[in-house]
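A.B. asks: Okay, here's the prediction I keep looking at, along with the sequence it came from:
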Amino acid sequence: MENLKNIIEALLFISESPLRLDQIKKAVPEADPQNIRKSVLALKDEYEKRAGGFLLVEVAGGYQFRTRPEYKEWIGRLFQPSPQRLSPAALETLAIVAYRQPVLRSEIEQIRGVNSGNTLRILLERKLIRVLGRREIPGRPLVYATTQKFLETFDLKSLKDLPTPKEIDGMELTPSASPGQGPLEVTADEPETGKNST
């Protein structure tokens, strides 16, 4: 297909979330998967060389157009998005889920030393974590893991891109903003219920 690259560019442009190669193949079934991959990589290279206002990045298992970070100041003046706010407790809980997944609430509470039900609810509402299912043990407790939105929000291609504990030392708590989203900000702790007795 001689116009495959232009078709893929149009699909990427209209997509609100990162577009995976299999999703592109579904939209363009007549195209060879190798040619789809080559076209995406060629587009990525073109936007990188162009050094314009946006580029094509690989994130959350797919590809997405994103504005260049150096233009954040002017974009913020136009949109002034309200930042997503997460408390230190929510960030701590999210980190435990990210590094220990699949993880039970009781395991999170054992690490944190406090009841984390409210914090988990907030993270579920923000779609940063999800319920994978139930563990086949007495009580059949819920099992938690991170979501695709978590990868998008923290600008990660996959969970393998999470920083190691050594790399975390000295890092800021504010990840890159997704298109149309403000950055995550840390706010005061939400109330949590007492010490965990288990």
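C.D. replies: Done, it's in. Numbers count the residues shown, from 1 in each chain.
A.B. asks: tell me the domain ranges of this structure?
C.D. replies: According to automatic domain parsing, the chain is divided into the following domains: 4-69, 84-186.
A.B. asks: can you put these in JSON lines and add mean neighbour count, mean pLDDT and distance to Leu78?
C.D. replies: (Glycine included, C-beta is placed from N, CA and C.) Putting those into JSON lines (neighbours: other C-beta atoms under 10 Å; pLDDT from 0 to 100; distance: least, C-beta to C-beta, whole Å) gives the following:
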{"stretch": "domain 4-69", "mean neighbour count": "15", "mean pLDDT": "93", "distance to Leu78": "11"}
{"stretch": "domain 84-186", "mean neighbour count": "16", "mean pLDDT": "83", "distance to Leu78": "11"}
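A.B. asks: Pull the residues that contact stretch 140-153.
C.D. replies: Contacts to stretch 140-153, defined as C-beta atoms under 8 Å, 6 or more residues apart in numbering, come from residues 17-18, 59-61, 64, 84, 94, 97-98, 101-106, 108, 120, 126-135, 156-159, 175, 178, 181, 184.
A.B. asks: can you pull the contacts of Gly133?
C.D. replies: Gly133 makes contact with Leu142, Val143 under the criterion C-beta under 8 Å, 6+ apart.
A.B. asks: Arg100 versus that one, what's the distance?
C.D. replies: When C-beta to C-beta, to the nearest Å is applied, the distance between Gly133 and Arg100 equals 16 Å.
A.B. asks: now swap in Asp161 and tell me
C.D. replies: Asp161 sits 17 Å away from Arg100, taking C-beta to C-beta as the criterion.
A.B. asks: And for Leu19?
C.D. replies: Summarising the geometry, the distance separating Leu19 from Arg100, computed by C-beta to C-beta, is 30 Å.
A.B. asks: Next, the distance between the ends of stretch 23-39.
C.D. replies: Stretch 23-39 has an end-to-end distance of 14 Å (C-alpha to C-alpha, to the nearest Å).
A.B. asks: Let me see the residues that make contact with that stretch.
C.D. replies: For stretch 23-39, using C-beta under 8 Å, 6+ apart, the contacting residues are Met1, Leu4, Lys5, Ile7, Ile8, Leu11, Leu21, Val40, Gly62.
A.B. asks: quick check: longest helix of the protein.
C.D. replies: In the chain, with assignment by DSSP state H, the single longest helix is helix 33-50.
A.B. asks: How far does it sit from its chain's centre?
C.D. replies: Taking C-alpha atoms, centre = their mean, to the nearest Å, one finds helix 33-50 lying 22 Å from the centre of the chain it belongs to.
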